[in-house]
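Asker: Take a look and give me a structure for this.
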Amino acid sequence: MIKRQALDRLLEWKNSAYRKPLIVRGPRQVGKTTVVNEFGKMFDSYVYLNLDKATDRAAIERQMPLEHLLEILFARSRQAFRPETSLLFIDEIQNSPTTIAQLRYFYEEHPELCVIAAGSLLENVVDVRASFPVGRVDYMAMRPCSLREFLSALGKEHLFYFLDTPEYSVACHEELMSLFNQYVIVGGMPEIVDGYAKTHDLLAQDRLYAQLLRGYRDDVEKYVADRKMTDVVRLILDKGWQYASQTVSLGNLGNSGYAAKDVGEAFRLLEKAMLVELVYPTTATAIPAMPQMRRQPKVIWFDTGLVNFAAGVRREVIGAMDVMDVWRGRIAEHVVAQELLTQDDMPGKERAFWMKDGGGGSAEVDFIWTVDGQIIPIEVKNGTNSHLRSLHSFIDASPVDIGVRVWSGPFSVDDVQTTIRKKPFRLINLPFYLTGSFEQIVRKYA
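Answerer: Modelled structure (predicted):
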């Protein structure tokens with residue numbers, strides 16, 4: 001069984017003195033319902049409503065005082081209604097604008113009751129003529145399984161010690177890199193991870209990959225009403241996987257003839273559904289690092305396993321000795337982007353990369369990430385320190401004196417200097433499998 005880190009975050013929310021109704025967001029089949037159902041076992045009473053069902057929708061849309069409505073809902077499910085020890089989970093809430101508007105009253109009239117709501121895929125981004133009550137709800141993002149969760153599914157929890165104490169990880173480096181490479185191939189979709197944990201067959205989950213992709217495409221037909229936008233979104237879901245970790249021009253994407261405005265709008269729909277992200281460059285070396293929206297973005301999808309399958313590069317990944325050798329290093333960069341988001345469970349957390357502004361040659365750092373008010377540069381690259389020219393360029397131009405190289409080698413920390421200005425800085429060499437511990441490691445070794 002996969003132990004999802006989201007359970008710990010839900011428990012923190014439950015115990016918070018400032019708890020509000022919680023909106024759990026994430027792509028379809030990422031595990032939202034499964035995790036909340038597991039969380040429901042911690043309560044004396046748990047009621048699950050699926051608003052895809054007309055009967056559940058009618059039950060919660062009754063016009064009556066909230067106190068009476070809650071008593072009826074719990075009685076209907078043969079549950080005792082004791083607000084302090086009860087959980088109400090409203091799934092597919094986008095199907096009921098009335099219930100969305102009602103969330104504010106749960107907060108105002110029954111703050112002691114734990115209330116969670118969720119929706120799936122494109123339903124979250126279509127105009128349903130209702131909005132979540134601003135200031136009266138909390139949000140949490142559910143994403144694909146992290147490497148740590150993948151290891152849990154494989155029964156490898158004993159390796160968590162080495163993820164938490166990176167200085168000792170060299171003792172298991174080869175094993176951890178082997179498991180990381182398996183994770184890169186399989187990806188983090190829970191049903192696929194669970195299937196791989198049972199079979200250990202890298203190619204046995206093809207049917208599930210195909211079903212997931214077909215489901216996302218079918219949802220476009222169902223929820224995007226405008227014909228032209230339907231076609232553009234379908235183009236991205238069909239062909240966009242091939243652009244993973246690649247800088248793209250939105251106009252005429254894939255020789256489609258579509259204007260940049262239309263492609264950008266389609267990407268924004270998919271971004272709100274948490275399926276894909278356009279990662280824009282910044283020229284800043286200190287906060288605030290504003291994205292340069294007029295420049296070309298990189299395409300980052302929500303799951304690397306689906307990228308491998310949909311883009312047709314999985315066999316290349318399986319046959320590689322080093323993930324850095326696959327697809328010109330784009331898969332390595334993509335999985336680092338995916339793991340970076342495990343640092344934060346807030347929807348809308350954005351990644352960025354850095355480009356040098358002005359003259360004096362070009363330079364580009366794969367990612368930047370803010371830790372305690374400092375922008376930390378991240379390069380995904382093997383090789384010697386002297387070859388990290390873009391990272392050196394960033395350090396020379398910035399107030400920070402720390403940089404991170406994610407690579408296939410073991411963990412180490414080197415005190416070095418930049419090649420041009422000879423500025424001293426600390427270089428953290430982070431093996432891929434430690435990307436999910438990035439922030440803790442930076443704080444420890446800064």
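Asker: Where does pLDDT dip in the stretch 1-150 of the chain?
Answerer: Counting by pLDDT under 70, the stretch 1-150 of the chain contains low-confidence ranges at 120-132.
Asker: Just the helices from it, written as ranges.
Answerer: Along the stretch 1-150 of the chain, the segments classed as helices by DSSP state H, counting those that start in this stretch run 6-15, 32-40, 54-60, 66-76, 97-109, 147-153.
Asker: Kindly reformat these as a markdown table containing distance to residue 393.
Answerer: (Glycine included, C-beta is placed from N, CA and C.) Shown next, in a markdown table, are the helices of the stretch 1-150 of the chain (distance: least, C-beta to C-beta, whole Å):
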| stretch | distance to residue 393 |
| --- | --- |
| helix 6-15 | 37 |
| helix 32-40 | 41 |
| helix 54-60 | 56 |
| helix 66-76 | 58 |
| helix 97-109 | 48 |
| helix 147-153 | 30 |
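Asker: from those helices, which stretch is densest packed?
Answerer: helix 147-153 (a mean of 23; mean count of other C-beta atoms under 10 Å).
Asker: Tabulate the CA atom coordinates of the next helix or strand after it in PDB.
Answerer: Note on helix 147-153: by DSSP states H and E, the next helix or strand toward the C-terminus is helix 160-164. Output in PDB follows, covering the C-alpha atoms of helix 160-164 (Å, rounded to 0.1, in the frame of the first residue of the first chain):
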ATOM      1  CA  PHE A 160      14.000   6.900   4.100                       C
ATOM      2  CA  TYR A 161      16.900   7.100   6.600                       C
ATOM      3  CA  PHE A 162      19.300   7.800   3.800                       C
ATOM      4  CA  LEU A 163      16.900  10.400   2.200                       C
ATOM      5  CA  ASP A 164      16.800  12.100   5.600                       C
END
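Asker: Give the buried residues for helix 160-164.
Answerer: Neighbour-count burial for helix 160-164, counted by 16 or more other C-beta atoms under 10 Å, picks out 162, 163.
Asker: helices or strands up against it?
Answerer: Counting contacts by 3 or more C-beta pairs under 8 Å, 6 or more residues apart in numbering; DSSP states H and E, helix 160-164 is packed against helix 147-153.
Asker: so which of the helices of the stretch 1-150 of the chain gets nearest residue 372?
Answerer: helix 6-15 (20.3 Å; C-beta to C-beta).
Asker: can you list contacts of that closest one?
Answerer: 19, 22, 31, 35-36, 38-39, 42, 114, 116, 138, 140, 142, 345 (C-beta atoms under 8 Å, 6 or more residues apart in numbering).
Asker: hmm, back to that, closest to residue 199 out of the helices of the stretch 1-150 of the chain?
Answerer: helix 147-153 (12.0 Å).
Asker: For that closest one, name the packing helices and strands.
Answerer: Helix 147-153 packs on helix 160-164, helix 173-186, helix 190-199, going by 3+ C-beta pairs under 8 Å, 6+ apart.
Asker: and with 10 Å instead?
Answerer: In terms of contacts (3 or more C-beta pairs under 10 Å, 6 or more residues apart in numbering; DSSP states H and E), helix 147-153 is packed against helix 160-164, helix 173-186, helix 190-199, helix 330-340.
Asker: which ones are touching residue 104?
Answerer: 20, 21, 132, 133, 134, 135, 136, 137 (C-beta atoms under 10 Å, 6 or more residues apart in numbering).
Asker: The same query, at a cut-off of 7 Å, please.
Answerer: If you count contacts by C-beta atoms under 7 Å, 6 or more residues apart in numbering, residue 104 has them with 133, 136.
Asker: Could you measure from it over to residue 440?
Answerer: Between residue 104 and residue 440 the computed distance is 37 Å (C-beta to C-beta, to the nearest Å).
Asker: same question, residue 178
Answerer: Counting by C-beta to C-beta - residue 178 and residue 440 are separated by 23 Å.
Asker: can you check residue 403 too?
Answerer: In terms of C-beta to C-beta, residue 403 sits 17 Å off from residue 440.
Asker: What is the neighbour count of residue 266?
Answerer: 27 (other C-beta atoms under 10 Å).
Asker: and the residue lying closest to it once chain neighbours are set aside, what element?
Answerer: Closest residue to residue 266 apart from its sequence neighbours, by C-beta to C-beta, 6 or more residues apart in numbering: residue 232 at 4.0 Å. Using DSSP H and E, residue 232 sits in helix 227-239.
Asker: Identify the residues contacting stretch 426-443?
Answerer: 146-148, 163, 166, 169, 173, 176-177, 180, 323, 336, 339-340, 342-343, 369, 371-372, 376, 385, 401-416, 445.
Asker: Give me the buried subset of those residues.
Answerer: 146-148, 163, 166, 169, 173, 176-177, 180, 323, 336, 339-340, 342-343, 369, 371, 376, 385, 402-411, 416.
Asker: list the contacts for the residue nearest to residue 266?
Answerer: Contacts of residue 232 by C-beta under 7 Å, 6+ apart are 258, 262, 263, 266.
Asker: Tell me who's in contact with residue 39.
Answerer: 7, 10.
Asker: what about it, distance to residue 110?
Answerer: 18 Å.
Asker: likewise residue 404?
Answerer: With distances taken as C-beta to C-beta, residue 404 is found 45 Å from residue 110.
Asker: for residue 281, same thing?
Answerer: For residue 281 relative to residue 110 (C-beta to C-beta), the value is 46 Å.
Asker: higher neighbour count, those two?
Answerer: residue 281 (23 against 17).
Asker: Report the beta-bridge partners for the more buried one.
Answerer: Here residue 281 sits in beta bridges with residue 353, as judged by DSSP bridges.
Asker: Just the buried residues of stretch 303-321, please?
Answerer: Neighbour counts over stretch 303-321 (16+ other C-beta under 10 Å) mark 303-311, 313-314, 317, 320 as buried.
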